[in-house]
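S.K.: Provide a 3D model corresponding to the input given below.
(chains A, B and C)
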Amino acid sequence: MSDYALRVKELDVHYYTDAGIVKAANKVTFDLKPGERLGLVGESGSGKSTLALAILRMIKPPGRIAHGQIMLGDTDLTKLSEEEMRQARASQISMVPQGAMNSLNPVMRIQDQIIDSMLDHNLGLSKAEMVERANAALEAVELNLKVGRMYPHELSGGMKQRACIAISIAMSPQVIIADEPTSALDVVTQRQVMQTIGRLQESMGSAVILIGHDMGLMAQFVNRMAVMYAGSLAELGSVQDIFNHPLHPYTQMLIESLPVLGNRGVFKGIPGITPLLRDLPPGCVFNTRCPKVMDVCRQKAPVFKEYTPGHWAACHLHEK
Amino acid sequence: MSLSYLLRRILLVFLIIWSAATLNFFIPKITPRNPLREKLMEQASRSGYIPPGFEEMVKSYEKKFGLDQPVWKQYLTYMNDMAHFNLGYSISNFPKTVPELIGQAIWWTIGLLTATTLISFFLGTLLGALMAWSRSSFIFRQVVPSLLVLGAVPPFIVGLLLIYLVAFKWQLLPLGGAYDTTNLPTWDISFFLDILKHSILPALAFILTTAGGWAIGMRGMMVTVQGEDYMTFAEAKGLKNWRLFYKYAVRNALLPQITGLAISFSYIVGGSVLVESVFRYPGLGSLLATAIRQLDYFLIYGIVFILIVAIGIAMFIVDLIYPLLDPRIAYEGK
Amino acid sequence: MTVQSVSTQSLPLPARNGEVSGLRNALRYLRRNRQLAIGLGILVFLILFSGIGFFLVDKNTAYALGAPAGKAPSWEHPFGTDGQGRELLAVAVFGIWETLRIGFIAGLIGLGFGSFLGFSSAFFGGWYDVVVRWVVDVLLTVPGLLILVVIASTLDNKSFTLTRMALIIALTAWMGPARTVRAQVLTMRERPYVMMARLNGMNSWGIIFRELVPNLLPYLGASLVGSVTGAIFATVGLAGLGLGPLREPTIGVTIYWAMGQNALLRGMWWWLMMPILTTILMFVMLFLVSAGLDELANPRVRKTI
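M.R.: Residues are numbered from 1 along each chain as shown, chains lettered A, B, ... in the order given. Here you go, the predicted model:
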C-alpha cells in the first residue's frame, strides 16, 4: 500500500488546435498524503482547472493527457479503462465544482442528484439505504433534510455550494479536488463553507487539493501550497516554506502583492501579463516578467526539483 | 404552476382566437367582392338566364346572413356566432352547414397531424441529441446530419416526389385518399390497415421534412448544454453515459424544444393544408382546397377559423405540459 | 477555457481597407464556410439560368397553347411541355425568376418593417414593447398561409398581379424578423460595449447605428433569408392551392395545374418534375445560406452539415 493518497508525475496536458499545440500543463509533479491539504494557486489561465480536470481524466478533445502518471494509491489512473475511470470518479476521487451556481442539474431534486451518483457505482445498497446516505451527506454539510426535496433554483448560493459538497463527499472519496469552491460566495459564507470542507475532510481522512487564487485565504486552510504559472509548477512547499523562504521570484511577487494591514494604500501588482499557453516563451515560462531574469532563463527551462526537504522549485537562480 | 403563468397562457389563446375571428370578419369586408352575389350569379348563369327576381334574391340572402345591418352590429352577431361555432352554410353544398363539413374532415387532419408531429418531434429530437453528443458513433456525427437538408424542402413538395416515386413509378402505395373508396368502409382490421396504408406517404412527407428542423434545434441546444457547469460536475460524479445523456443533457436541452413545439403548430398546420390537398387526404386541408376552387367563402373562413382555434388549443396543451418538465417555471412572474 | 476562444479569433468580418482585400477575405471565408459557399453558388446558378434564359426562350411559349401539348423531354423541349401547351423550360426560366423576385420583395419588406418594430420595441421598452410583443406572439401562431388564403380568396384573379402577390405576402413576413431582432437587441443592449457607448454620451440612434447594427448584420442576414423562405413557401403554396394569378407561368401555378389536370395519371411525369426539382433547388439554396449565415453569426455552435 502506497503512503500517498495521490502522486502526480510529470503530467503533460496538451490541446491540439488549429492554431498549434496548447500546453496547458507541463511536467506537473506533486504528491499528496492522506489527510493532507494542498493549495494550488495561480492566476486565471495558469492551468489550475485544467490540472483538476486532468486528474479526473476529464480532458476533452482536442485536448488530452500527453504524458505522465496519476497514481491514486497504487493505481495509475491514466492506465484505467473508461469504465474503470468512471467508477473511480466520485467514489475514490471527487470534485467540488467551481461554479456552484450552475453546477446542479436545474430540473432534478437535490436528493436525486446525490443518489444517482451512488446508483451508478455498484455500491450494493438498497434504495432506502441510499436515501439514508444522501440524508447523512446533507446533514454533514449542515443542510436541512428538506433541501433534498428541493430544486436548485430554490436554494441560495451558499446552500447550492453545500449541496455540491454533499454530492462530492457522499461516497467518502480518498481525494477531493475543490476548484475555487467559494469564489462565487460572499466572505462570511466562504469561511463557513471552507470550515465545512475542512471538518468533513478530517473526519473522512481524505486528502484535499484546494484550487484558488487567493493566497491569503488559502494559507489559513492548507498545509502545503503549490504555485502554478503558465501550465507549470513554479514552487511547492509547506505554507511556512512558501511564505518565509520563497524560492521562485513569481512566488515572492505573489506574496508581495498581498494586501497588508497597516500598510494601506501600497499595493504591488506583478507587471506584465501571463503568456498565452499556445505561445509560451522559450526557456523559463516566467522569463518575460521576471525581475531577476538571466540569460540562461531565455534558453533553458529550469528543472522542478527539491531544494530542501519538501520544498520544490523550478528556477535557475538556485541551480548550481 | 403559478397563476400568472396560467393566466398569460389563457390570454394568449383567447387573443389568437379573437384575432383569427376578427381577421376573418374584416378582410372580406374591405374587398369589393360580394361572395353571395357572385355565387348566385354563377349559379344563375349556369342555368342560362338571370331570373327576374335576382336582385330580390340577393337581398333576401343578405338579410338572412345579416349583411344589411351596420358593421358593428354585424361584428357582434358574427362574434356571437363564432363563439357558438355557428359558422353558417356552405354555399356549394347547401343545405349542409360549415360545421357539418368540418366535422367530417377534422378527425382525419387531427389523426394525421398528431401522429406525424409526435413521431417527427421525438425522432428529430433524438437524432439531434445524438448528433451533438460527443460520445456518439460516427454515423450520428457525420452521416445523419447530411439528411438535415430535407428539412429545407416544404412537406408538400416532398409529398409530390413521394407520390411520383413510390406510388406512381414503383406502385408500392396508393396515390392518395384516406382509404380505398371502391370498398365500403367497414370498421374492421382490414379497413384500419387500409387507412394506415394510405396514411404512410402523407405521414412520411411530413416526418421527413419536419424532423430535420427538430434535429437542428436540438443539436444547437445540446451543444450549449454540454458546455454547462452541471455537465462537467455530472461527469465528475462518475455517472454512466446513458444517464449523462438522458437525465442531464437531453432533459435540459429538451425544454426549448417544447417551447418550439408550441410555436411550430402554425407551420405544421399551414404545411398540412398543402400536403393534404396533394394527397387528396379527406381532411381540412383538402376541404379548404376544394372550397377555394369553388369560391365557397363561408367554408373557407370556417376552416381557417377552426384551424386557428385548433392551433390555439394545441399550444395551450403544450403550455400546460411545459411547467411539469421545468420546475423553474412555477416561479416565473413571482 | 482558453482553448475554446482560439478558433473564433480569426473571424473575418468584412474588411474595410479597400474592396479588393475585402473580396479576397470574403472568398477565403467562403472556403471555410462550405454551406454558405454552396448556397450562394446555387443562387448564382439560378439567377444565371433565368438571366440567360430570358434571351434564349420566347416568353409566349411559357403560356398555355404556346407550344405543342404533352411532349416528353427531348432536344427540342428540354423539360418537356405540359398538358396545356406550355414550354416547361420557358416556365422554369420565368417561374424561378418570378418566384425569387416575389420572395425577395416580400422578404425585404418584411425584414424592414420587422426590424424596425424589433429595434424600437427592444430599445424603447415600456408599454410599446408589451404591445409589439403580444401582437407578434399572436400573429406568429396564426399560420401566415391561412391569413393569405383568406386575403387572396377575396381578391379577384384578374386584378391579381405577381407584384401585388408579393405585397400581400409581405403582410405575413415581418413577425419573424421582429422577434429575432428584438431578442438580439435585448441581449446586445446589456453588453459592455453598448454600456460604454451610453456612458460616453452617445445618443440612442447613434448607439443603434454605430454599435448595434454592425453586430446585428449576420442576424439580419439570417432573418432576411428566413423571411424570403417563408415568402417563397407562401407563393408556391398559395398558387398550389389555386390562389393568385393562375395564368402567369410560375412554379406554384405549374404545380396547381399539374395536380388539377392529373399529370401523373396521364403519364406526364415531367410536368410535375420541373416544379418539384426547381422548388427543391430553391429551398435547399435558402437552407444552406441560412445555415451558413448562422455559423457566421455564431461560430462556436457548429451547424455544418
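S.K.: can we go C-alpha only for contacts and neighbour counts from here?
M.R.: Fine.
S.K.: just read off the phi/psi values of C:E87.
M.R.: Note on C:E87: backbone dihedrals following degrees, to the nearest 10 are phi -80, psi 110.
S.K.: do you know how far the residue lying closest to it once chain neighbours are set aside is from C:V236?
M.R.: The shortest distance from C:E87 to any non-neighbouring residue, by Cα to Cα, 6 or more residues apart in numbering or on different chains, is to C:T81 (4.6 Å). To C:V236, C:T81 is 20 Å away according to Cα to Cα, to the nearest Å.
S.K.: so between those two, which is more surrounded?
M.R.: Set C:T81 next to C:V236 and count neighbours by other Cα atoms under 10 Å in any protein chain shown: C:T81 wins out with 29 against 26.
S.K.: what about the closest residue to C:M285 other than its chain neighbours, how many neighbours?
M.R.: Closest residue in space to C:M285, ignoring its immediate chain neighbours: C:G39 at 4.5 Å, by Cα to Cα, 6+ apart. By other Cα under 10 Å, 23 other residues sit near C:G39.
S.K.: same check on the one 10 residues further on?
M.R.: If you count neighbours by other Cα under 10 Å, C:F49 ends up with 16.
S.K.: what strand or helix carries it?
M.R.: helix C:34-56 (DSSP states H and E).
S.K.: same check, this time on A:L236
M.R.: strand A:232-238.
S.K.: check A:H14 too.
M.R.: strand A:6-17.
S.K.: show residues contacting that strand.
M.R.: Applying Cα atoms under 8 Å, 6 or more residues apart in numbering or on different chains, the contact partners of strand A:6-17 are A:21-33, A:50-51, A:54, A:61-73, A:175, C:3, C:6.
S.K.: filter those down to the buried ones, ChimeraX style.
M.R.: Selection of the buried residues among those in ChimeraX, burial being defined by 16 or more other Cα atoms under 10 Å in any protein chain shown:
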select /A:21,22,23,24,25,26,27,28,29,30,32,33,50,51,54,63,64,65,68,69,70,71,72,73,175 /C:3
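S.K.: among the contacts of strand A:6-17, which are in helices?
M.R.: Residues from the contacts of strand A:6-17 lying in helices, with DSSP state H as the criterion: A:T50, A:L51, A:A54.
S.K.: of those, closest to C:W174?
M.R.: A:T50 (46.7 Å; Cα to Cα).
S.K.: now that closest one. Nearest residue, chain neighbours left out?
M.R.: A:A24 is the one closest to A:T50 (Cα to Cα, 6+ apart), at 6.8 Å.
S.K.: right, and the one you found touches A:G231 too?
M.R.: Yes. Counting by Cα atoms under 8 Å, A:G231 is a contact partner of A:A24 at 5.0 Å.
S.K.: ok, the residue nearest to C:M285 to C:L293 distance?
M.R.: C:G39 is 10 Å from C:L293, by Cα to Cα.
S.K.: and what of C:F233?
M.R.: Remark: distance between C:F233 and C:L293 (Cα to Cα) = 20 Å.
S.K.: what do you get for C:M195?
M.R.: For C:M195, the distance to C:L293 - Cα to Cα - is 27 Å.
S.K.: those two: which is more packed in?
M.R.: Ranked by neighbour count (other Cα under 10 Å), C:M195 and C:L293 place C:L293 first, with 23 against 15.
S.K.: which parts of the helix or strand where the more buried one lies are buried?
M.R.: If you go by DSSP H and E, C:L293 is part of helix C:269-297. Buried residues in helix C:269-297, counting neighbours by 16+ other Cα under 10 Å, are found at C:269-276, C:278-297.
S.K.: what's the overlap in contacts for A:A24 and A:G231?
M.R.: A:S46, A:G47, A:L277.
S.K.: and the residues you listed as CSV, adding distance to B:P202, pLDDT and neighbour count?
M.R.: CSV is the format used below for the shared contacts of A:A24 and A:G231 (distance: Cα to Cα, whole Å; pLDDT from 0 to 100; neighbours: other Cα atoms under 10 Å in any protein chain shown):
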residue, distance to B:P202, pLDDT, neighbour count
A:S46, 58, 84, 24
A:G47, 56, 85, 26
A:L277, 56, 76, 22
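S.K.: which of those are close to chain B?
M.R.: With the criterion set as Cα under 8 Å from any Cα of the partner chain, no member of those is near chain B.
S.K.: which one among those gets closest to chain C?
M.R.: If you rank these by distance to chain C using Cα to the nearest Cα, A:L277 comes first, at 8.2 Å.
S.K.: the closest one and A:S232: what is the separation?
M.R.: A:L277 is 10 Å from A:S232, by Cα to Cα.
S.K.: which residues touch residue 68?
M.R.: The chain I'm using is chain A. A:V8, A:K9, A:E10, A:L11, A:D12, A:K27, A:T78.
S.K.: other chain: chain C
M.R.: C:P68 makes contacts with C:T81, C:G85, C:R86, as judged by Cα under 8 Å, 6+ apart.
S.K.: would you list these in TSV and tack on pLDDT and secondary structure?
M.R.: TSV is the format used below for these (pLDDT from 0 to 100; DSSP: H, G, I helix; E, B strand; the rest coil):
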residue	pLDDT	secondary structure
C:T81	89	strand
C:G85	86	coil
C:R86	90	coil
